[in-house]
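1. model the following, please.
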Amino acid sequence: MFAGGCVSPLSASADTVKYDKMSCAELNVAMGDVATDVSRTAVNRGKVAQTNIPTWLWGGQRVAAAVTARQSARIDQLQRQEAAIAAARRSKC
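-> Coordinates of the predicted model:
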């Protein structure tokens, strides 16, 4: 799965509107789903970062760094999403 590192303010506001329309139970489920995604992505990022890449594999370190950076960007995006859900939960529930 590819996740870009850029998140536009427009998509962030669209998420906020989406979360404002959800019930407390739906917000709880969404929060759990996002938390699961954060954990899964962090574990995968750690595995990639700890992988022993042979020196003879040209570009291997570069690829690992790119994957780690992409996963870090995904975690940042998921954490922003989590914050939006938490804000909606605080105001509603």
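2. lowest-pLDDT helix or strand in the protein?
-> Ranked by mean pLDDT, DSSP states H and E, the helix or strand of the chain with the weakest confidence is helix 9-20, at a mean of 66.
3. show me the contacts for Thr16.
-> By CB atoms under 8 Å, 6 or more residues apart in numbering, the residues touching Thr16 are Ala84, Ala87, Ala88. Quick note: C-beta positions are derived from backbone N, CA and C, even for glycine.
4. distance of the first one from Thr68?
-> Shown here: Ala84 relative to Thr68, a distance of 25 Å by CB to CB, to the nearest Å.
5. comparing these two, which residue is more hemmed in?
-> Ala84 (20 against 17; other CB atoms under 10 Å).
6. host element of that one?
-> Here Ala84 sits within helix 60-92, counting by DSSP states H and E.
7. same thing with Leu57?
-> Applying DSSP H and E, one finds Leu57 in no helix or strand.
8. circling back: which other helices and strands does the helix holding Ala84 contact?
-> In terms of contacts (3 or more CB pairs under 8 Å, 6 or more residues apart in numbering; DSSP states H and E), helix 60-92 is packed against helix 9-20, helix 24-50.
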